[in-house]
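Q: got a sequence here, can you build the structure:
(2 chains)
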Number of protein chains: 2
Amino acid sequence: MLTPSDKALVPFVSVDHMMQLIHHIGIEDALKGLADYIEADFRRWELFDKSPRVASHSPEGVIELMPTSDGEVYGFKYVNGHPKNTADGLQTVTAFGLLADVATGYPVLLSEMTMLTAMRTAATSALVARVLAPKGATTMAMIGNGAQSEFQSIAMKAIVGIDTVRLYDVDTKATAKCAANLANSGLTVVSCDSAQEAIEGAQILTTCTADKQYATILTDNMVGAGVHINAIGGDCPGKTELAPAILTRSDIFVEFPAQTRIEGEIQQLAPDHPVTEFWEVLSGAKPGRTSQSQITLFDSVGFATEDFSALRYVRDQIAGTDYFHPLDLLADPDDPRDLFGMLQRAKA
Amino acid sequence: MLTPSDKALVPFVSVDHMMQLIHHIGIEDALKGLADYIEADFRRWELFDKSPRVASHSPEGVIELMPTSDGEVYGFKYVNGHPKNTADGLQTVTAFGLLADVATGYPVLLSEMTMLTAMRTAATSALVARVLAPKGATTMAMIGNGAQSEFQSIAMKAIVGIDTVRLYDVDTKATAKCAANLANSGLTVVSCDSAQEAIEGAQILTTCTADKQYATILTDNMVGAGVHINAIGGDCPGKTELAPAILTRSDIFVEFPAQTRIEGEIQQLAPDHPVTEFWEVLSGAKPGRTSQSQITLFDSVGFATEDFSALRYVRDQIAGTDYFHPLDLLADPDDPRDLFGMLQRAKA
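A: Below is the predicted model:
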């Protein structure tokens, strides 16, 4: 075997390395670090090439490529969404991502993104809640206790400062799993028997359920004034979680309207229903929360820049560590015109 | 470290493994095998989801994602094009690709594609020449003696049956490199001092030069009757190699007209200039070569299905061999809803 040059080797972060890296940093610090990178990229929102995601639909699900670029670094994420996978013991969503140097086109990072997407989704939710939730929020209702629920809970603790989560899921086993996983998190965990019970006393209401169908996880009469709704689960056409009446009572904040109007809760509203882009709140161009009695709603679907931020964070964190493998991904002959010579010499 | 399950592990073919695999099969047999897979997929052309490639342009070059699917298998290629890279000792084009199972969204193969793209481009050219070139063609002019030139020459030998290549490049060092690499190929290699000299007696004229600018590698008076032109180098907006008058004298064959009209030689022609899709020749819907005096022109830009075919070939060839690494790319917890528990357990 010939030894590839440095340029031919792309750092690869496996699932195992990602988990080791997160523990090396600490889960809460990693969530905070991710939120900082995500915030930094929202603050330079206008720089980004915001291509639409490229979706390949099938009866069973969707496979998407989500590219973006800030002009210096290019990134994309591969992600699938297959709701029926769970029944077969597979993940509904798996993902990996890549960063490349715009100036040369050479990849500079390949990373698993199933774990990383869970982390960045939670970090984004908590970043937005830190900005929009009522001041002094201490309690979150976590409705839907699947794969995202613990990440959301810990991110809200680390970034917003909550001390209590109130859990509810139609499947009591999911709630038991979530409660067990959060046992040593420092959060007070309350398992509830209904969504109604879960939202009692909560200033932040997070919905993250999985069915690919129009569902009503929160009805209008359940939601009082002065809360922040963090709606995670409505993230593709036909999949929503909130009663339309809640939406019309709320001030709605989104990542990228062109995408959210197709995939988010607001697919239930008129296409010109007013929404605020979250980056405009950070930049000061638009107000965030203006009163304690207001209902703010983050209609989150996940956007390519958040993955880009997460990959940037990982790239910076692995520098100087052993939490990656150098991957022989790129052919790099001594003479770029002599690819065939490289092939011939490999025979020896 | 926890041991990932089989489902979490994606076979990865590195550059070194790709080269070993090619030698294990034999270069000529690998080119023939690739041509068979490419032909098979052209023959079921109408099955494919032919999404446009997703390009991210910068002043230095372009990064593209080229997805496609046959309904059962999904594939995409990452490829860059940075003409100035050569001056910095980097490849103009690097690439990697992925196949995934449409039913689950799980990746099933990750592979380098710099070497593989060189192989599939040559295999495609030779497949098309086998169908369209004058019967009994023995000689190819190879104008442009860069990274693709040896692959083209050997593919035309293996698949079309030529015995002679006549080389020309503005850079005599490139010609010397190509001639040296082909010394033991079984081809008679003639190094020429001009394009005019190179095409003397050739039935197949292959152009593959690299400049990103309108160039005229072949002028009208150089091209006589009864030849097949294999135009490889004109493959992006602003990059062409043939005088327009040659195009209007030729019967033009393309991969996917919507893409070729933007990227190929025919960007120089009216948008409704008649062209034949190559798959229609294979299916019998349209004629190929109808006389020995005709000029046939394959205006090749490379299409996503060819990469898909090449990845399918590699997936099938690595089965049962050691020419891949299992890559820990996908998080695969025992309970799909317990991603956080998987992360927690990794701490131990």
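Q: which stretches in the stretch 201-348 of chain A count as helices?
A: For the stretch 201-348 of chain A, the helices defined by DSSP state H, counting those that start in this stretch occupy A:244-249, A:257-263, A:278-283, A:304-318, A:339-345.
Q: and the stretch 1-150 of chain A, by the same measure?
A: Counting by DSSP H, counting those that start in this stretch, the stretch 1-150 of chain A has helices at residues A:15-25, A:27-43, A:114-132, A:149-155.
Q: re earlier: for chain B, find the nearest of the helices of the stretch 201-348 of chain A.
A: Evaluated over the helices of the stretch 201-348 of chain A, closeness to chain B peaks at helix A:339-345, with 3.7 Å, by CB to the nearest CB. All C-beta spots, glycine's among them, are computed from the backbone N, C-alpha and C.
Q: run through who's touching stretch A:12-23.
A: A:30, A:109-112, A:114-116, A:119, A:314, A:317-318, A:321, A:323-327, A:329, B:1-2, B:4, B:8, B:327-332, B:342-343, B:346-347 (CB atoms under 8 Å, 6 or more residues apart in numbering or on different chains).
Q: can you do 7 Å?
A: In this structure, residues lying in contact with stretch A:12-23 by CB atoms under 7 Å, 6 or more residues apart in numbering or on different chains are A:30, A:110-112, A:114-116, A:314, A:317-318, A:323-325, A:327, B:1-2, B:4, B:8, B:328-331, B:343, B:346-347.
Q: with stretch A:161-176 instead?
A: A:137-146, A:153, A:156, A:178-179, A:182, A:187-192, A:194-195, A:197-198, A:202, A:204, B:337.
Q: run the last query once more with 8 Å
A: With CB under 8 Å, 6+ apart as the criterion, stretch A:161-176 contacts A:137-146, A:149, A:153, A:156-157, A:178-179, A:182, A:186-195, A:197-202, A:204, A:209, B:337.
Q: who in the stretch 151-300 of chain A is up against chain B?
A: Within reach of chain B by CB under 8 Å from any CB of the partner chain, the stretch 151-300 of chain A has these residues: A:151, A:174, A:177, A:181.
Q: switch the helices of the stretch 1-150 of chain A over to TSV; also include mean neighbour count and mean pLDDT.
A: Compiled in TSV, the helices of the stretch 1-150 of chain A are given as follows (neighbours: other CB atoms under 10 Å in any protein chain shown; pLDDT from 0 to 100):
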stretch	mean neighbour count	mean pLDDT
helix A:15-25	21	97
helix A:27-43	20	98
helix A:114-132	25	97
helix A:149-155	28	98
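Q: how about those helices, which one is nearest residue B:217?
A: helix A:27-43 (44.1 Å; CB to CB).
Q: name the helices or strands packed onto that closest one?
A: helix A:15-25, helix A:114-132, helix A:149-155, helix A:278-283, helix A:304-318 (3 or more CB pairs under 8 Å, 6 or more residues apart in numbering or on different chains; DSSP states H and E).
Q: if we go to 10 Å?
A: helix A:15-25, helix A:114-132, helix A:149-155, helix A:278-283, helix A:304-318, helix B:339-345 (3 or more CB pairs under 10 Å, 6 or more residues apart in numbering or on different chains; DSSP states H and E).
Q: need the helices of the stretch 201-348 of chain A in JSON lines (columns: mean pLDDT and distance to residue B:281).
A: Converted to JSON lines, these look like this (pLDDT from 0 to 100; distance: least, CB to CB, whole Å):
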{"stretch": "helix A:244-249", "mean pLDDT": "94", "distance to residue B:281": "54"}
{"stretch": "helix A:257-263", "mean pLDDT": "90", "distance to residue B:281": "40"}
{"stretch": "helix A:278-283", "mean pLDDT": "97", "distance to residue B:281": "51"}
{"stretch": "helix A:304-318", "mean pLDDT": "97", "distance to residue B:281": "40"}
{"stretch": "helix A:339-345", "mean pLDDT": "94", "distance to residue B:281": "29"}
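Q: out of these, which one sits most buried?
A: helix A:304-318 (a mean of 24; mean count of other CB atoms under 10 Å in any protein chain shown).
Q: send the alpha carbons of that helix over as PDB?
A: Taking Å, rounded to 0.1, in the frame of the first residue of the first chain, the C-alpha atoms of helix A:304-318 are listed here in PDB:
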ATOM      1  CA  ALA A 304     -28.900  23.400   6.800                       C
ATOM      2  CA  THR A 305     -27.000  26.200   8.500                       C
ATOM      3  CA  GLU A 306     -27.500  24.400  11.900                       C
ATOM      4  CA  ASP A 307     -25.800  21.300  10.500                       C
ATOM      5  CA  PHE A 308     -23.100  23.500   9.100                       C
ATOM      6  CA  SER A 309     -22.500  25.100  12.500                       C
ATOM      7  CA  ALA A 310     -22.500  21.700  14.200                       C
ATOM      8  CA  LEU A 311     -19.900  20.400  11.700                       C
ATOM      9  CA  ARG A 312     -17.800  23.500  12.200                       C
ATOM     10  CA  TYR A 313     -17.900  22.900  15.900                       C
ATOM     11  CA  VAL A 314     -16.800  19.300  15.500                       C
ATOM     12  CA  ARG A 315     -14.000  20.200  13.200                       C
ATOM     13  CA  ASP A 316     -12.700  22.700  15.700                       C
ATOM     14  CA  GLN A 317     -13.100  20.400  18.700                       C
ATOM     15  CA  ILE A 318     -11.300  17.300  17.200                       C
END
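Q: how far does that helix sit from its chain's centre?
A: The chain centre lies 12 Å from the centre of helix A:304-318; the measure is CA atoms, centre = their mean, to the nearest Å.
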